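Undergrad: 3D, please:
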Amino acid sequence: MGSLQLQSIRKSFGNQDVLKGIDLDVKDGEFVIFVGPSGCGKSTLLRVIAGLEDASYGTVRIDGKEVSAVPPAKRGIAMVFQSYALYPHLTVKDNMGLGLKQAGESKAVIDQRVAKASAMLSLDPYLARRPSEMSGGQRQRVAIGRAIVREPKLFLFDEPLSNLDAALRVQTRLEIAGLHRRLKATMIYVTHDQVEAMTLADKIVVLNAGQVEQVGSPMDLYNKPANLFVAGFIGSPQMNFIAAEKLGQSGAKTIGIRPEHIALSREAGDWTGKVIHVEHLGADTIVYLETETTGLLTVRLFGEHAYAPDDIVYAAPDTASMHRFDAEGRAIS
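TA: Numbering: from 1, shown residues only. Below is the predicted model:
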């Protein structure tokens, strides 16, 4: 009911090529997240799917039907934006049902769908309120509810959590994940936050400069990044990159090792370093050290550790967890 196929999608604004040939296949019911740095083209790609932007070249198919000439309202999609875009003079109930009312649905259908969406999102106590009487998280739930009542083939989310504080982002993220499980709907979600991508997605599409760098499950991207860009983008703190020649490694240009795959000791290890900064996070300790062999190295340790700046320490990488990249930045299997 909600499959999506993109073939050779290109989009240019004047001489600026924003999308440079995007191919993607999204299966019915999948939760797919577009992630990448600012300006990579992820929001533009979402708008092309929605029909809010015309592709310069290529085809968009929803449920196998080519929709390039189909207006947004007829594509069977519902979009949730970063801004809530609620009408301030309408109640929550009327905001959620407005799209159906404008489409000519009966009052009985509107009431039934609004009631169902409201129950899903725990909005029943707020149906008579106006947006100004609600928190940011509640307003975002109303915007999601407005999308649910349309019963679309595709849900499109454009950075929906960006305006929320940290605690509300976590709460709303859980609500969106639960919503996907209950609706079993196809969802396309844009974010620059890799934590959202890793925790919500069935499949992540990593975009960079208008091109797809890699598509895969969160753990595929974490464990088997296709290139240096994906390796550096997925994972926090970022993967350490070391010139292969410094480690005596042949057949590779760069060696990557994640901070959590390095052990620290005060007695012995492969690399001797001096601690330059420590972040005590409670559950984790992040240690930054400088070694002659590797340069700046980031180490992530589980739990609390009493390292301090200027300590001399020894680092030992898990060699089985090292990643190797060639001169073009491609992963070497």
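Undergrad: Quick one: list the elements packing against the lowest-mean-pLDDT helix or strand in the chain.
TA: Among the helices and strands of the chain, helix 166-183 carries the lowest confidence by mean pLDDT, DSSP states H and E, at a mean of 87. Applying 3 or more C-beta pairs under 8 Å, 6 or more residues apart in numbering; DSSP states H and E, one finds that helix 166-183 makes contact with helix 136-148, strand 186-191, helix 194-200. In this view, the C-beta of every residue, glycine as well, is placed from N, C-alpha and C.
Undergrad: buried set for it?
TA: Using 16 or more other C-beta atoms under 10 Å as the test for burial, helix 166-183 gives 168-169, 172-173, 175-176, 179-180, 183.
Undergrad: Which of these sits closest to Y87?
TA: Among those, T172 lies closest to Y87 (C-beta to C-beta), at 21.0 Å.
Undergrad: show me what contacts that closest one?
TA: Neighbour list for T172: 137, 140-141, 160-161, 164 [criterion: C-beta atoms under 8 Å, 6 or more residues apart in numbering].
Undergrad: where's the dip in pLDDT among those?
TA: Least confident entry in the contacts of T172, by pLDDT: L164, with 80.
Undergrad: Output the helices and strands packed on helix 166-183 in TSV; the columns should cover mean neighbour count and distance to A69.
TA: As requested, the helices and strands packed on helix 166-183 are exported to TSV (neighbours: other C-beta atoms under 10 Å; distance: least, C-beta to C-beta, whole Å):
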stretch	mean neighbour count	distance to A69
helix 136-148	22	24
strand 186-191	25	21
helix 194-200	19	32
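Undergrad: Tell me how far the spatially most central residue of the chain lies from V26.
TA: Ranked by distance to the mean C-alpha position of the chain (C-alpha atoms, centre = their mean), the top residue is A197 at 3.1 Å. Computed with C-beta to C-beta, to the nearest Å, the distance linking A197 and V26 is 15 Å.
Undergrad: Next: L86.
TA: 28 Å.
Undergrad: what comes into contact with stretch 175-184?
TA: Against stretch 175-184 from outside (C-beta under 8 Å, 6+ apart): 29, 31, 120-121, 141, 144, 148, 157, 160, 187, 189, 199-200.
Undergrad: R146 contacts G99, doesn't it?
TA: Yes: R146 lies in contact with G99 (C-beta atoms under 8 Å); the separation is 6.4 Å.
Undergrad: which stretches of the stretch 201-333 of the chain form helices?
TA: 218-223, 228-233 (DSSP state H, counting those that start in this stretch).
Undergrad: Turn these into JSON lines, including mean pLDDT, distance to S68 and mean neighbour count.
TA: As requested, those are exported to JSON lines (pLDDT from 0 to 100; distance: least, C-beta to C-beta, whole Å; neighbours: other C-beta atoms under 10 Å):
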{"stretch": "helix 218-223", "mean pLDDT": "96", "distance to S68": "30", "mean neighbour count": "17"}
{"stretch": "helix 228-233", "mean pLDDT": "96", "distance to S68": "30", "mean neighbour count": "21"}
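Undergrad: Throw these into JSON lines and include distance to K153, thanks.
TA: Listed next are the helices of the stretch 201-333 of the chain as JSON lines, based on distance: least, C-beta to C-beta, whole Å:
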{"stretch": "helix 218-223", "distance to K153": "24"}
{"stretch": "helix 228-233", "distance to K153": "30"}
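Undergrad: Minimum distance to V299: which of those helices has it?
TA: Of all these, it is helix 228-233 that lies closest to V299, at 16.6 Å by C-beta to C-beta.
Undergrad: list the helices and strands that closest one packs on?
TA: On the basis of 3+ C-beta pairs under 8 Å, 6+ apart, helix 228-233 makes packing contacts with strand 203-208, strand 211-216, strand 240-243, strand 254-257, strand 323-325.
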